[in-house]
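**Student:** Sequence first, predicted model second:
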Amino acid sequence: MDRNTITGLILIFLIFIGFSVYNSSRTNKMIEKALVTAEAEYARGDLETARTEYVNILRIKPTEPVALARISEINSKLGPVPGNQKSDSLAVKQTNSATAVNNSQGTQGTQTEINQYGVFAQSAVGQNDFITLENNKIELKISLKGGRVYSAHLKDYKTFDAKPLILFSGDSTVFGFNFFTTDNKAVQTNNLYFKPASDQKAYNVVSRPESVILRLPAGDDKYIEYKYTLAPDKYLVEFNVNFKSMEGIIASNQSSLTLDWKTYIPQQEKGRQNEETYCALNYKYYQGEVPIPKIRQSKEIVKTDIATKLSWISFQDQFFSSIIITNDFFLNASLSSNRTIGSKKYLRYYTSEVGIPFNSSTSNSINMKLYYGPNSIPILRKEGLELEKIVFLGRNIIGWISRFVIIPIFNWLNHFISNFGLIILILTIIIKVVLFPLTYKSYQSQAKMQVLKPMVEELGKKFPKKEDAMKKQQATMDLYKRAGVNPMGGCLPMLLQMPILFAMFRFFPVSIELRQAHFLWATDLSTYDSILHLPFLIPMYGDHVSLFTLLMTASTLLTMKMTGSSPGSDQPGMKMMMYMMPIMFMLILNNFSAGLTYYYFLANMLTYIQNIVSKRFINADAVLATLEQNKKKAIPKSKWQQRLEAAAKQRGINPPKK
């Protein structure tokens, strides 16, 4: 294959990739524009026009969750799509299968809806109302429709634009049990109206736990009871479901119930790209392990069917999670994660259908817990069941370094220092000091190679031809050996630092302690810092300029110039690599955590200082004197070299004369 053919194939590949990116971008922009129009019509109250716009969106992307939810909601108010049902069959099919909750304020229901619930018919209609359950950490609004948690407000946190941080709110969530009655009625508790056991509308937890009790009646002294219990200073809610006298109502052959839990995850952070990266749907096998979270999901829909028992399931974004935990076990689960492309408000649409063990012949109680809170390792660890493992800190040695080295040092420093910029500086210094004894000899090796550089250049003049490259290499290695220099010694500092660099790469973007922490010009160390907003978008780079990223790039070039001035680095290919790599990292890391790029900048500068200090301890005259002494001695051949020469003799090749 000649060069022209290879060039042609590369160009075809680049054109194909470019067209795919362009086409995908154009489709996303079309969906986004159509969503803006549809939402505007919906807000004005023109539901028919809004429904038409949403249907058109589904023709482009049949799985668009925002459009599915809105059409389902509009259909519940206006009825099915009138006329032209044949042409709209795809949209109707999609909306009929949508599971988003309807807007239930004041819903009266139809006779058909009442009849379909059998003994629960009296709960098919009602006026929605809310009960508040709160402590100093969290405020839960519980809806009578569905008896579900309607919204979860975390009091200690704000969104990036200083609004109250609400994990989910309103009709963006579904939570209820699905089952069949003995007369074959399909019941979905999410759509039925519960009755409170007390007239109290607000519970403020101060010194002792408080409970909210809701009941779904099914006849005289027969009901399904939801009990939410919140303790002081906790993000965890006890959730107990009691089935009172349900024998003869729920089908006797039904050994399990389906818990239907679905929710939209709203954007909470400034850096949407970074936040989307760390959105994940996770779970723990019963008496087993927690799978490594699948971050950076590029697929629009990811489905997972789990046939084995589970202990908990989590819906998480970069810094916060909603987790459902069972005191016993879940039988199985069907999970899905949907990217909400085109939506500016939501990041993901998570769904789960969970099997719950049930025996209708006796009074049943299902005991669970609901966690609505931050992805904080200390807080999650206190709750047990390895919940802290939803925070992705890397695999193998990377995760080990993060959990047992970086986080303990970071937390220890945080006991004495409140400024996280200073904590990162001290953490960097500690790491460099610990590694310095291991890297000192390597720095010395680099300094010695600087002394030998003129002699290596002379060897280049002595062997200028390409066919003499092997001779030049042998002569260079012989020079290093006689001077007592290990040419590979300069690679050791980088190899030692790589696991730590990767550990920091994983630690900073998920460290909730850095969220909205100010330092110098950075207003939030968990996301990018910006000193200039660009009026246009640069591919890979973004629409802003991060000063910490620029400082990181400049310091990388500075350290490379010092270490890269060693022999062999003046080759054109090596020089190109030296300058291209920092530029590539600048483009990639411009949207990453400011704490991360700040750390890389500090690490580079400390490396530069250590290099300078190490060079001061190198006596150039002593290196040259050692070289002159060794020139007079015969250097013993290594076993490897002896084997090579023996093999060459067998083939009739004489070894080169020295």
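**Tutor:** Noted; the coordinates are in hand.
**Student:** what residues are up against Leu558?
**Tutor:** Asn604, Tyr608 (Cβ atoms under 8 Å, 6 or more residues apart in numbering). (Each C-beta comes from the backbone N, C-alpha and C, glycine too.)
**Student:** quick check, it in a helix?
**Tutor:** Yes: applying DSSP: H, G, I helix; E, B strand; the rest coil, one finds Leu558 inside a helix.
**Student:** and the gap between it and Tyr600?
**Tutor:** Distance from Leu558 to Tyr600, counting by Cβ to Cβ, to the nearest Å: 13 Å.
**Student:** likewise Leu165?
**Tutor:** 29 Å.
**Student:** now do Pro582
**Tutor:** In terms of Cβ to Cβ, Pro582 sits 10 Å off from Tyr600.
**Student:** quick one: which of those two has more around it?
**Tutor:** More neighbours surround Tyr600 than the other of Pro582 and Tyr600, with 25 against 19 (other Cβ atoms under 10 Å).
**Student:** which residue sits closest to that one, ignoring its sequence neighbours?
**Tutor:** Met552 (4.5 Å; Cβ to Cβ, 6 or more residues apart in numbering).
**Student:** tell me, what's touching Pro582 and Tyr600 both at once?
**Tutor:** With Cβ under 8 Å, 6+ apart, Pro582 and Tyr600 have common neighbours Thr556.
**Student:** Could you pull out the strands in the stretch 451-600 of the chain for me?
**Tutor:** 532-538, 542-545 (DSSP state E, counting those that start in this stretch).
**Student:** Could you name the helices and strands sitting against the last one?
**Tutor:** Right, the one you point to is strand 542-545. Helices and strands touching strand 542-545, by 3 or more Cβ pairs under 8 Å, 6 or more residues apart in numbering; DSSP states H and E, are strand 532-538.
**Student:** Buried residues, the strand it packs on. List them.
**Tutor:** Across strand 532-538, burial judged by 16 or more other Cβ atoms under 10 Å covers no residue at all.
**Student:** same question for it, mean pLDDT?
**Tutor:** Taken as a whole, strand 532-538 has a mean pLDDT of 85.
**Student:** and if you look at stretch 314-330?
**Tutor:** Per-residue pLDDT over stretch 314-330 has a mean of 92.
**Student:** what comes up buried for that stretch?
**Tutor:** For stretch 314-330, by 16+ other Cβ under 10 Å, it's 314-326, 329-330.
**Student:** Tell me the one among these nearest to Ala475.
**Tutor:** Gln318 (55.1 Å; Cβ to Cβ).
**Student:** how far away is the most centrally placed residue in the chain from Ile390?
**Tutor:** The residue lying closest to the centre of the chain (Cα atoms, centre = their mean) is Tyr278, at 1.1 Å. Distance, Tyr278 to Ile390, using Cβ to Cβ: 10 Å.
**Student:** I'd guessed Val545 sits against Ile531; true?
**Tutor:** Yes: assessed by Cβ atoms under 8 Å, Val545 is found in contact with Ile531 at 5.7 Å.
**Student:** Please say which of those two ends up with more neighbours.
**Tutor:** Val545 (17 against 12).
**Student:** ok, what's across the strand from that one?
**Tutor:** Per DSSP bridges, the residues bridged to Val545 are Leu532.
**Student:** Use 849 as the first number for this chain going forward.
**Tutor:** That works, and once the first residue is 849, the last one we named lands at Val1393.
**Student:** Contacts only, for it.
**Tutor:** By Cβ under 8 Å, 6+ apart, Val1393 lies in contact with Ser1378, Ile1379, Leu1380, Leu1382, Asn1438.
**Student:** could you pull out the helices for the stretch 1299-1448 of the chain?
**Tutor:** 1317-1331, 1340-1358, 1395-1411, 1420-1437, 1442-1464 (DSSP state H, counting those that start in this stretch).
**Student:** how about these, which one is nearest Leu883?
**Tutor:** helix 1340-1358 (28.3 Å).
**Student:** State the mean pLDDT of that closest one.
**Tutor:** Helix 1340-1358 comes out at a mean pLDDT of 80.
**Student:** in that helix, what's buried?
**Tutor:** Of the residues in helix 1340-1358, 1340-1341, 1345, 1347-1348, 1350-1358 count as buried by neighbour count, 16+ other Cβ under 10 Å.
**Student:** name the helices or strands packed onto that helix?
**Tutor:** Counting by 3+ Cβ pairs under 8 Å, 6+ apart, helix 1340-1358 packs on helix 1244-1249, helix 1268-1310, helix 1442-1464.
**Student:** could I get those helices as a markdown table with distance to Asn976?
**Tutor:** Below are the helices and strands packed on helix 1340-1358 laid out as a markdown table (distance: least, Cβ to Cβ, whole Å):
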| stretch | distance to Asn976 |
| --- | --- |
| helix 1244-1249 | 45 |
| helix 1268-1310 | 43 |
| helix 1442-1464 | 43 |
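**Student:** Among the buried residues of stretch 1162-1178, which one lies nearest to Asp1031?
**Tutor:** Phe1178 (27.7 Å).
**Student:** what's near enough to touch the closest one?
**Tutor:** Leu1107, Tyr1134, Lys1157, Leu1158, Ser1159, Ile1161, Val1202, Gly1203, Ile1204.
**Student:** returning to what we had before: how about a markdown table for the contacts of Val1393, with distance to Ser1059 added?
**Tutor:** Compiled in a markdown table, those are given as follows (distance: Cβ to Cβ, whole Å):
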| residue | distance to Ser1059 |
| --- | --- |
| Ser1378 | 46 |
| Ile1379 | 51 |
| Leu1380 | 53 |
| Leu1382 | 53 |
| Asn1438 | 49 |
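**Student:** Counting neighbours, which bits of stretch 1257-1272 end up buried?
**Tutor:** Buried residues in stretch 1257-1272 (16+ other Cβ under 10 Å): Ile1257, Phe1258, Leu1261, Phe1268, Gly1269, Ile1271, Ile1272.
**Student:** where do the strands sit along the stretch 1099-1248 of the chain?
**Tutor:** 1104-1114, 1128-1133, 1149-1154, 1158-1164, 1168-1178, 1180-1187, 1194-1205, 1212-1222.
**Student:** now the angle from the third one to strand 1194-1205?
**Tutor:** So that's strand 1149-1154. Counting by axes from the mean of the first three to the mean of the last three Cα atoms, to 10 degrees, strand 1149-1154 lies at 20 degrees to strand 1194-1205.
**Student:** What is strand 1149-1154 packed up against?
**Tutor:** By 3+ Cβ pairs under 8 Å, 6+ apart, strand 1149-1154 packs against strand 1128-1133, strand 1180-1187.
**Student:** now do 7 Å
**Tutor:** strand 1180-1187 (3 or more Cβ pairs under 7 Å, 6 or more residues apart in numbering; DSSP states H and E).
**Student:** What is the neighbour count of Phe1042?
**Tutor:** Neighbour tally, Phe1042, other Cβ under 10 Å: 26.
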